[in-house]
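1. how does the following fold in three dimensions:
(2 chains, ligands or ions: 2)
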Amino acid sequence: MAKKTYLQALNEAMRLEMERDADVFIIGEDVGKFGGCFGVTQGLFDKFGSERVIDTPITESAIVGAAVGSAVSGLRPVAELMFVDFIGCALDQLFNQGAKMRYMFGGKAKVPMTLRMPQGAGVCAAAQHSQSLEAWFMHIPGIKVAIPSTPYDAKGLLISAIREDNPVIFLEHKMLYGVEGEVPDESYTIPLGKADVKREGADVTVVATSRMVHSALEAAETLAASGISVEVVDPRSLQPLDSDTIVESVKKTHALVVAHEAVGFAGPGAEIIAQVAEKALDYLDAPVKRVAAPFCPVPFSPPLEQAFIPGADAIVAAVKSLR
Amino acid sequence: MKSPDKKVLLSMFGTMHKIRAFETACQEFFAAGKIPGFVHLYLGEEAVATGACATLRKTDMITSTHRGHGHCLAKGGDLKFMMAEIFGRKTGYCKGKGGSMHIADVHIGILGANGIVGGGGPLAAGAALSSKYRKSDTVTVCFFGDGASNQGTTQEALNLASAWKLPLVFINENNGYGISCPQSKSMAITDIADRASAYDMPGVVVDGNDVLAVYEAVSEAVNRARQGKGPSLLECKTYRWRGHFEGDPTVYRPESELKEWMAKDPIPRFAKKLLDSKQATQAELDAIVGGVKKEVEEAVAFAESSPYPELADLLEDVYA
Ligand SMILES: Cc1ncc(C[n+]2csc(CCOP(=O)(O)OP(=O)(O)O)c2C)c(N)n1
Ligand SMILES: [Mg+2]
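-> Ligands and ions are numbered 1, 2, ... in the order given. Now for the predicted structure:
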């Protein structure tokens, strides 16, 4: 195995799937020669040419719509929006069209498309380029939502997403692109809907997503020094959500903290906590805690942005407050 | 059309220089690591915002773009508050919450830069609707790029303005690229102004590096809008000197193209016109350049000496 970045892992997943299946193609703004806004499609244009790595005008609605339309007519598009924030320009094509086609058409159509979008704060890109919107997508029946935290997961999940016969929203974190990890060269899949226990522990379950998985691991390390054993669970996909793994962990630790970078109110954590409340309330020895962004747009100024992003400290404090 | 008087001419010369000096300072301080986030500079395109906004009143409104410093300066934005915002300071226009891409001053009709390409069109239609609704003769100018012209929102706004005869002037800043994508790959037409005919409004191609040409074309469109005769679409052909954002290596365009356009620098071109026609002396122009330089230096000093927002500010201003 070799060390690769999250970005390289994603790039490799697309390359492998494009080699394997001639129906897979890439569509988005500046994804060609330029290599994508963050460089994720770098090199694919040179390898596969302009027919399979398609630069579009600035036209998010048509990018998503063209992905839906080409998918329902037999192709397997991997569309990219430069920032998840731009989904606002394209929502109808996603949620009224792509997400519902199969159901509305009585199960007689399929929409095998992947929509990749980077999320998250951390580069002072301000309110329209920094959001974490996973909860929006979780709320739409008909689409799946993947949200990898490591290079290994990024590759395996993206390959699964591309092979999936439903629309998959694939949420990357722009602060993770440079993160390195072990990634096999060969193709492999990680099923959507299978959580991963990133660290085993006995005292508290921390369910974290995306960049917050790294903060949770850092917090777990800090807490271990004070004798608190933290189990870190990464759902890896939010729809389907592997509540079994989460519930199992809570039954063992009897305490739950949920950590995500999306704002707390009606955020993804609300669903995770509701699932635990329904399935394992009696096992909880303490109230549940949420570590999330405050309920405001993402601010520009560096000190405010840093205060906005929930970090390892907040997780440590939340865990300690349970005891 | 009568040509602008000396006061207007010199003011436009000053504005172009102000934008040039302001953007050059941004370039420098971004490189020095003092400006966080993204900055999209307006260097090379100064004549468009300058000529356009010189036709406007304080009560008129504009919608701007991610490349918005020039529009804001030309519409009368305060350099200090702008620079402080770009530096992320509490004294900035948006208290440090918006940054370069969200500078606004609604009290002088600057309805905001915009991080969403194509975000401005419908907003501009709404502002123009507001003028019409209140039976005011104010006009709105919508600045947008060649890339933005392909967004559905832009086309929807053009149609709305046309169907409702709104007092709205669409000013397309065609600098040939949307990030790495050349115009030839994002649309089949050469002149974006051609799209005006689909909306039954005047469509005019303008030399965007000639401030007087911009001034004249926009004056006519603004007068038309003020008189209730409806919207226009002006396409100002220009070029951005810098990369899409600071840090963009611009591998997608040939160096020769940049050189060609730099030779069409709108500022010396205008200075020469002023001098040749004896509408200004070199001493007058030098004094303006010196004054503007000082203003920019003061803005930088103000920004650098201003505090960052406090953490307690985080949850302020989410709601009215
Ligand atoms: C909805 C949306 N899509 C994509 C982007 C990313 N983006 C920012 S500026 C830009 C290019 C804009 O091109 P143009 O409208 O020609 O303006 P220019 O940068 O040339 O001034 C792109 C694609 C964005 N900010 N918003
Ligand atoms: Mg452009």
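
2. up against ligand 1, what does chain B have?
-> Applying CB under 6 Å from any ligand atom, one finds that chain B approaches ligand 1 through B:66-67, B:115-118, B:145-148, B:175, B:177-179, B:244. Using the backbone N, CA and C atoms, a C-beta is placed for each residue, glycine as well.

3. got the contact list for B:Y93?
-> For B:Y93, the contact set (CB atoms under 8 Å, 6 or more residues apart in numbering or on different chains) comprises B:77-78, B:81-82, B:84-85, B:103-105.

4. tell me the contacts of the closest residue to ligand 1 within the stretch 1-150 of chain B?
-> At 2.2 Å from ligand 1, B:G145 is the closest residue in the stretch 1-150 of chain B, using CB to the nearest ligand atom. Going by CB under 8 Å, 6+ apart, B:G145 touches B:65, B:67, B:117, B:172-175, B:178.

5. tell me what it is bridged to.
-> B:E173 (DSSP bridges).

6. where's it relative to B:I35, distance?
-> As judged by CB to CB, to the nearest Å, B:G145 and B:I35 stand 22 Å apart.

7. how about A:G264?
-> For A:G264 relative to B:I35 (CB to CB), the value is 31 Å.

8. looking at the two, which one has more neighbours?
-> B:I35 (23 against 17; other CB atoms under 10 Å in any protein chain shown).

9. which residue ranges form the strands in chain B?
-> If DSSP state E is used as the criterion, the strands of chain B fall at B:61-63, B:140-145, B:168-174, B:177-178, B:181-182, B:203-207, B:232-237.

10. the fifth one pairs with which strands?
-> Okay, so that is strand B:181-182. strand B:177-178 (antiparallel).

11. run the chain-centre distance for the partner strand.
-> 16 Å (CA atoms, centre = their mean, to the nearest Å).

12. neighbouring contacts of it?
-> Contacts for strand B:177-178 (CB under 8 Å, 6+ apart): A:29, A:57-58, B:117, B:145-148, B:150, B:183, B:186, B:240, B:244, B:252-253.

13. among these, which ones lie close to ligand 2?
-> Checking the contacts of strand B:177-178 against ligand 2 by CB under 5 Å from the ion, the ones in range are B:145-147.

14. so who does B:A299 touch?
-> So B:A299 contacts B:22, B:25, B:79-80, B:82-84 (CB under 8 Å, 6+ apart).

15. swap in 7 Å and give it another go.
-> Listed by CB atoms under 7 Å, 6 or more residues apart in numbering or on different chains, the contact partners of B:A299 are B:79-80, B:83.

16. and what of B:K132?
-> B:166-167.

17. before we move on, back to that, most surrounded residue in the contacts of strand B:177-178?
-> Of the contacts of strand B:177-178, with other CB under 10 Å as the count, B:G145 tops at 28 neighbours.

18. in the stretch 201-320 of chain B, what residue lies closest to ligand 2?
-> Closest residue of the stretch 201-320 of chain B to ligand 2, CB to the ion: B:R240 (7.1 Å).

19. for chain B, which spans come out with low pLDDT?
-> B:1-2 (pLDDT under 70).

20. can you list the residues of it near ligand 2?
-> So chain B meets ligand 2 at B:145-147, B:175, B:177-178 (CB under 5 Å from the ion).

21. helices of the stretch 51-200 of chain A, residue ranges please.
-> Secondary structure of the stretch 51-200 of chain A (DSSP state H, counting those that start in this stretch): helices at A:60-72, A:91, A:101-104, A:134-138, A:151-163.

22. can you redo those helices as CSV with mean neighbour count, distance to B:S219 and mean pLDDT?
-> Below are these laid out as CSV (neighbours: other CB atoms under 10 Å in any protein chain shown; distance: least, CB to CB, whole Å; pLDDT from 0 to 100):
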stretch, mean neighbour count, distance to B:S219, mean pLDDT
helix A:60-72, 22, 35, 98
helix A:91, 15, 40, 98
helix A:101-104, 16, 51, 98
helix A:134-138, 22, 45, 98
helix A:151-163, 25, 54, 99
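
23. and the residue nearest to A:P240 when sequence neighbours are not counted, what does it touch?
-> Leaving out its chain neighbours, the residue that sits closest to A:P240 by CB to CB, 6 or more residues apart in numbering or on different chains is A:G193, at 3.4 Å. Contact analysis of A:G193 by CB under 7 Å, 6+ apart lists A:237, A:240, A:242.

24. also B:E156?
-> B:P122.

25. so which of the contacts of A:G193 wins on neighbours?
-> A:S237 (29 neighbours).

26. would you agree A:S130 is in contact with A:P299?
-> No. Counting by CB atoms under 7 Å, A:P299 is not a contact partner of A:S130; they are 9.0 Å apart.

27. of all the contacts of A:G193, which comes closest to B:P202?
-> Proximity of the contacts of A:G193 to B:P202 (CB to CB) peaks at A:S237, which lies at 52.6 Å.

28. does that closest one have beta-bridge partners, and which?
-> For A:S237, the beta-bridge partners are A:A146 (DSSP bridges).

29. please work out which residue of the stretch 1-150 of chain A is closest to ligand 1.
-> Closest point on the stretch 1-150 of chain A to ligand 1, by CB to the nearest ligand atom, is A:F86, at 4.2 Å.

30. what residues are up against that residue?
-> When contacts are counted by CB under 7 Å, 6+ apart, A:F86 touches A:60, B:116.

31. quick check, pLDDT for it.
-> pLDDT recorded at A:F86 is 98.

32. same question for A:M1.
-> At A:M1, pLDDT is 77.

33. isn't it right up against A:E182?
-> Yes. In terms of CB under 7 Å, A:M1 counts as a neighbour of A:E182; the distance is 4.6 Å.

34. any idea how far B:K7 is from B:A280?
-> For B:K7, the distance to B:A280 (CB to CB) stands at 11 Å.

35. how much space between B:G145 and B:A54?
-> 21 Å.

36. for A:Y283, that is, sorry about that
-> 70 Å.

37. with neighbour numbers in mind, choose between these two.
-> B:A54 (21 against 15).

38. isn't the more buried one right next to B:V8, touching?
-> Yes. Between B:A54 and B:V8 there is a contact under CB under 7 Å: 6.0 Å.

39. what is the neighbour count of the closest residue to B:D207 other than its chain neighbours?
-> Leaving aside its sequence neighbours, B:D207 sits nearest to B:A213 (CB to CB, 6+ apart; 4.7 Å). Neighbour count of B:A213, defined by other CB under 10 Å: 18.

40. next one: A:H129
-> By other CB under 10 Å, neighbour count at A:H129 equals 26.

41. quick check: it touching B:G115?
-> Yes. Using CB under 7 Å, A:H129 makes contact with B:G115 at a distance of 5.7 Å.

42. beta partners for the nearest residue to A:A161 once chain neighbours are set aside?
-> In space, and not counting its chain neighbours, A:A161 is closest to A:V168: 3.9 Å by CB to CB, 6+ apart. Residues in a beta bridge with A:V168, per DSSP bridges, are A:T114, A:K144.

43. pLDDT score for A:V168?
-> 99.

44. so who does it touch?
-> Applying CB under 7 Å, 6+ apart, the residues near A:V168 are A:114, A:143-144, A:146, A:161.

45. please report the distance of it from B:A193.
-> Taking CB to CB, one finds A:V168 at 41 Å from B:A193.

46. same deal with A:F137?
-> 39 Å.

47. isn't A:I228 right up against A:V319?
-> Yes. If you go by CB under 7 Å, A:I228 and A:V319 touch, sitting 6.3 Å apart.

48. which residues do those two both contact?
-> By CB under 7 Å, 6+ apart, the residues touching both A:I228 and A:V319 are A:V204.
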